[in-house]
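need the 3D shape of this:
(one chain, ligands or ions: 2)
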Amino acid sequence: MSAAVSSLVFQGLLVLLVVTHVQSQSQLSFAQNAQTISDLQYVLGANYKMFVAAYWRYMYGGCDPLATKLSTDIANGYLKSYCTYLTQCPVVSSSQSCIVQQSATAVRRACCKESTCSYGLAFPSEKIIGGQPAVIGEFPWTAMLLLDGRLICACVILDDRHAITAAHCLSRLVGGEIIEVLAGRYQYNLTLKEEGNQRVKVTSYKQHEVYDYRYLYNDVAMLTLSTPLLFTAFVTPACLPPRGDNPELSCTVAGWGTISSRLILAPQVLMKVKLQTYNKTECFNTFKDTSQPQGSLGLYLTDGNLCAANGLLGGQDSCSGDSGGPLMCLKKSSDNVLRYYVFGIVSGASDCARPGEPGLYSNLLYYMDWIETNLRSS
Ligand SMILES: *[C@@H]1O[C@H](CO)[C@@H](O)[C@H](O)[C@H]1NC(C)=O
Ligand SMILES: *[C@@H]1O[C@H](CO)[C@@H](O)[C@H](O)[C@H]1NC(C)=O
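Ligands and ions are numbered 1, 2, ... in the order given. The predicted structure follows:
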């Protein structure tokens, strides 16, 4: 065990020597392109060895075990003990290897003051386009919306007292139901106990004033919680995009909805899928001839919508039960950190994952005034 540690450190020192001879001005770009465990010194600073020694076993285990271990250590406060040795807030960049990104992100979260919104633990893997399980803590703003104890939709945490969901999730209520938000949840089966879950009652909700259930126009609703959420590694508020921004071409949707378009087939855990994203105009132009019934897409699409789909191929989509969940795009924030921004809320689709049929999302940039007003007023 100790032999492996010292060989890692040794490799690290070698790189250090070589690079000081080359040029120190490229230090930042070197940090951003850091690939290997030994490169961590450029990201974490001179005392990176302690960090590597503590986590080397997980680093060799791959990205997910490392993410899980770091997430536990953030939650229980252990990682904070490294903060005193940190000389600067670590750089995180998309060109780094997954292990370097995980390490830098975790140390940032444990040690650096961040803006109120946050990013999940794991960075999306580039290898698979298709539905796959999320990593625990990957999208910690994604919560379950429960009606009388049953999962009806997902929702997105905006601050410690508010979450946003799709208005249609609340459209069949008769009054007297118990509505709750279950934050920090990973598994679908609610009888399985999980650490870090926070289950709070919704004291009031507000559907958009001009929500129209026939066409799902303005399909957003604000939920106000009875007690504030406590932010942890598994429960954090979402980052909303800055005004005037545009979604990336490829974004990610997460949810606990059915994983089959024909059956109601519940997933075991929170699922994610990467999809191509379209604004209203692009969506109409791309899908007007293929969506069913022919010519109806224009009836459903407004400026309040974004679309997402697996191109024209179908086979990947959000579906029944995913409503209210986030459409998230990875972007660099002003402090040069990659964060997920929630651009959309799962709204509707006529037939999930059918080729040529886009999924519809409420476009949060379009609803920013409404969101800000309702965050203040309740
Ligand atoms: C949920 O978990 C409980 C306890 O392990 C188990 O008895 C039950 O069958 C599970 N339900 C489903 C739908 O898997
Ligand atoms: C939609 O996206 C296209 C392509 O990126 C862009 O040219 C167009 O301005 C966008 N339209 C709106 C309304 O944002």
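
show me what contacts residue 107?
Neighbour list for residue 107: 44, 51, 79, 82-83, 86, 90 [criterion: C-beta atoms under 8 Å, 6 or more residues apart in numbering]. Every C-beta, even on glycine, is put in place using the N, C-alpha and C of the backbone.

and of those, the nearest to ligand 1?
Using C-beta to the nearest ligand atom, the shortest approach to ligand 1 within the contacts of residue 107 belongs to residue 79, at 31.4 Å.

tally of neighbours for the residue of the stretch 1-150 of the chain found nearest ligand 1?
Per C-beta to the nearest ligand atom, residue 150 is where the stretch 1-150 of the chain lies closest to ligand 1, at 12.2 Å. Neighbours of residue 150 under the rule other C-beta atoms under 10 Å: 9.

pairing partners for residue 275 in the sheet, please.
Beta-bridge pairing for residue 275 (DSSP bridges): residue 251.

from ligand 2, how far out is it?
Distance from residue 275 to ligand 2, counting by C-beta to the nearest ligand atom, to the nearest Å: 16 Å.

just to revisit the earlier point, of the contacts of residue 107 - the most surrounded one?
residue 44 (28 neighbours).

surely it is in contact with residue 89?
No - using C-beta atoms under 8 Å, residue 44 is not in contact with residue 89, being 10.0 Å away.

quick revisit: kindly state the pLDDT recorded for the residue of the stretch 1-150 of the chain closest to ligand 1?
We note a pLDDT of 93 for residue 150 in this prediction.

wasn't residue 31 part of a helix?
Yes - read with DSSP: H, G, I helix; E, B strand; the rest coil, residue 31 is one of the residues of a helix.

contacting residues for the nearest residue to it once chain neighbours are set aside?
Nearest non-adjacent residue to residue 31, counting by C-beta to C-beta, 6 or more residues apart in numbering: residue 42, 4.1 Å away. Contacts of residue 42 were listed using C-beta under 8 Å, 6+ apart, and they are 27, 30-31, 34, 91.

am I right that residue 42 falls within a strand?
No - secondary structure assignment places residue 42 outside any strand; it is helix (three-state DSSP).

show me where the chain has strands.
The residue ranges that make up the strands of the chain, judged by DSSP state E, are 132-133, 142-147, 150-159, 162-165, 179-183, 198-207, 221-225, 250-255, 271-278, 305-309, 326-332, 338-348, 359-363.

just the C-alphas of the second one, formatted as PDB.
Coordinates of each C-alpha in strand 142-147 appear next as PDB, following Å, rounded to 0.1, in the frame of the first residue of the first chain:
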ATOM      1  CA  THR A 142     -33.300  17.000  -8.500                       C
ATOM      2  CA  ALA A 143     -35.900  15.900  -6.000                       C
ATOM      3  CA  MET A 144     -39.100  13.700  -6.000                       C
ATOM      4  CA  LEU A 145     -42.500  15.200  -5.700                       C
ATOM      5  CA  LEU A 146     -44.800  12.900  -3.600                       C
ATOM      6  CA  LEU A 147     -48.500  12.900  -3.400                       C
END
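
name the nearest residue to whichever residue of the stretch 201-350 of the chain sits closest to ligand 2, sequence neighbours excluded.
Nearest to ligand 2, among the residues of the stretch 201-350 of the chain, is residue 279, at 3.7 Å (C-beta to the nearest ligand atom). Once flanking residues are discounted, residue 279 sits nearest to residue 306: 6.2 Å by C-beta to C-beta, 6+ apart.

the one you found and residue 247 touch, don't they?
Yes - between residue 306 and residue 247 there is a contact under C-beta under 8 Å: 6.3 Å.

between the two, tell me which one has more neighbours.
Taking neighbours as other C-beta under 10 Å, residue 306 and residue 247 compare with residue 306 leading, 29 against 23.

who touches the more buried one in this structure?
Neighbour list for residue 306: 247, 277-280, 283, 327, 343-344, 360-363 [criterion: C-beta under 8 Å, 6+ apart].

now render these as CSV, adding pLDDT.
What follows is the contacts of residue 306, written out as CSV (pLDDT from 0 to 100):
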residue, pLDDT
247, 93
277, 95
278, 95
279, 95
280, 94
283, 94
327, 95
343, 97
344, 97
360, 91
361, 94
362, 96
363, 97
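
which member of these is positioned nearest residue 60?
Comparing those against residue 60 with C-beta to C-beta places residue 327 closest, at 34.3 Å.

what's across from the closest residue to the closest one other than its chain neighbours in the sheet?
Among residues not flanking residue 327 along the chain, residue 344 sits closest, at 3.3 Å (C-beta to C-beta, 6+ apart). On the basis of DSSP bridges, residue 344 is bridged to residue 327, residue 363.

which residue packs closest to the residue of the stretch 201-350 of the chain found nearest ligand 1, ignoring adjacent ones?
Nearest residue of the stretch 201-350 of the chain to ligand 1 (C-beta to the nearest ligand atom) works out as residue 266 at 6.8 Å. Using C-beta to C-beta, 6+ apart and skipping the chain neighbours, the partner closest in space to residue 266 is residue 188 (5.3 Å).

looking at the strands of the chain, which is closest to residue 104?
strand 338-348 (10.1 Å).

does the closest one reach ligand 2?
No - Strand 338-348 lies out of reach of ligand 2 by C-beta under 6 Å from any ligand atom, never closer than 11.8 Å.
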